[in-house]
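Colleague: Provided below are the primary sequence and the corresponding predicted coordinates.
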Amino acid sequence: MVAPSQRTAPCVLHAEQLSRVYPSGEGTITALAPFTHVFAPGLTAVVGPSGSGKSTLLNLLAGFDTPTTGRVVVGETDLHALPEVRRADFRLAHYGFVFQNHNLVPILTALENVEFPLTLAGVPKRERRERARALLEGVGLSGRASHLPAQLSGGEAQRVAIARALARNPDVLLADEPTGNLDTRTGERVLELLIGPAREGRTVVLITHDREVATRADHTLQVRDGAVTVGG
Ligand SMILES: Nc1ncnc2c1ncn2[C@@H]1O[C@H](COP(=O)(O)OP(=O)(O)OP(=O)(O)O)[C@@H](O)[C@H]1O
C-alpha cells in the first residue's frame, strides 16, 4: 500500500476574504463576494441556485482560478502563492476531484484510471496496481476492473472516479454535483463513498442542488448572488 500522504493531522482549508470578479461587457460580474470561512474536516455541502457562484468557489478552492481578492490556505500553504507548476504538484498530492460527469480517461480501464494518479506520482507498478485494486474493492467494483468507462453505468463510473480521487489519500476532496446525473439510490451510494472519507478526517466540499444530500452534510454553505453564508 501507498503510505498515507504526509497527513499528520486533519488538514484545514481556509478561505480568507476570497472573491472573484469577472469582466462582463463594459462592466463586471461579482461571481463571488469576499468571504472568509474555515472548511473544517468533514463534509461541507455548498448549495445555491444556478449561477449563484458555487463552481466559482470550488475553482478558487482548487486553485484552478485566481481570486480577485484574498487567498486560500491549505494547512500551512498559501495555494495561489505557489508558482503554477508547484501548485499543480501540490494539487496532485493534496486534492482529489469528483465531477458531475466522471471525467474518466476513456481509453483506460477502470483499474488503470484509478492507477493513473499513482503513475503520475511515480509509484512503482506493483504497488500502484495493488492500491488501485484495493480502492476499486472499496467502492464495490472489483468485478469491473477491466471495463472501459463506456462499459460502466453512470453510477459505476462515478464510483471509479471516487476511487481515483482517493488514490493519493488527499487531504481535500472537492466534488461538483457528483450525484447530479444519478438516480436517487445510486446517488445515495455515491454520497456514502464521499461521507466515508469525511468521517476519516478529510475535508470534503460538495456542491449539490439536492437538499436531501445537503442534509447529510456536517456543515452547509449557502451561496446566493455571489454571497456566501453559513447554514442552509
Ligand atoms: N469565466 C467567466 N467569465 C465571466 N463570468 C463568469 C465566468 N464564470 C462564471 N461567470 C459568472 O459568474 C456567476 C457564477 O457562476 P458559477 O458557474 O460559479 O455558478 P454556479 O452556482 O456554479 O451555477 P450552476 O449551478 O448553474 O453550475 C454567473 O453569473 C456566471 O455567468
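Modeller: Here it is on my side, so go on.
Colleague: hey, where'd the strands end up in the chain?
Modeller: Remark: strands assigned in the chain by DSSP state E are 13-24, 27-39, 42-47, 69-74, 77-78, 95-98, 172-176, 203-207, 219-224, 227-230.
Colleague: how about JSON lines for those, with mean neighbour count added?
Modeller: All C-beta spots, glycine's among them, are computed from the backbone N, C-alpha and C. Shown next, in JSON lines, are those (neighbours: other C-beta atoms under 10 Å):
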{"stretch": "strand 13-24", "mean neighbour count": "17"}
{"stretch": "strand 27-39", "mean neighbour count": "17"}
{"stretch": "strand 42-47", "mean neighbour count": "23"}
{"stretch": "strand 69-74", "mean neighbour count": "18"}
{"stretch": "strand 77-78", "mean neighbour count": "14"}
{"stretch": "strand 95-98", "mean neighbour count": "23"}
{"stretch": "strand 172-176", "mean neighbour count": "24"}
{"stretch": "strand 203-207", "mean neighbour count": "26"}
{"stretch": "strand 219-224", "mean neighbour count": "19"}
{"stretch": "strand 227-230", "mean neighbour count": "16"}
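Colleague: Please verify my assumption that R20 contacts L58.
Modeller: No. Using C-beta atoms under 8 Å, R20 makes no contact with L58, being 11.2 Å away.
Colleague: Grab the CA positions of the helix or strand of the chain with the lowest mean pLDDT and hand them over as PDB.
Modeller: When each helix and strand of the chain is scored by mean pLDDT, DSSP states H and E, helix 211-215 comes last, with a mean of 85. Taking C-alpha atoms only, helix 211-215 is exported to PDB below (Å, rounded to 0.1, in the frame of the first residue of the first chain):
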ATOM      1  CA  ARG A 211     -31.500  19.500  -0.400                       C
ATOM      2  CA  GLU A 212     -31.600  15.800   0.700                       C
ATOM      3  CA  VAL A 213     -27.900  15.400   0.000                       C
ATOM      4  CA  ALA A 214     -27.200  18.700   1.900                       C
ATOM      5  CA  THR A 215     -29.000  17.300   5.000                       C
END
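Colleague: quick one: contacts for the nearest residue to L135 once chain neighbours are set aside?
Modeller: The shortest distance from L135 to any non-neighbouring residue, by C-beta to C-beta, 6 or more residues apart in numbering, is to A163 (4.0 Å). Going by C-beta atoms under 8 Å, 6 or more residues apart in numbering, A163 touches 114, 132, 135-136, 138-139, 141.
Colleague: neighbouring contacts of stretch 111-129?
Modeller: Against stretch 111-129 from outside (C-beta under 8 Å, 6+ apart): 1-2, 92-93, 104-105, 108, 131-133, 135-136, 145-146, 149, 160-161, 163-164, 167-168.
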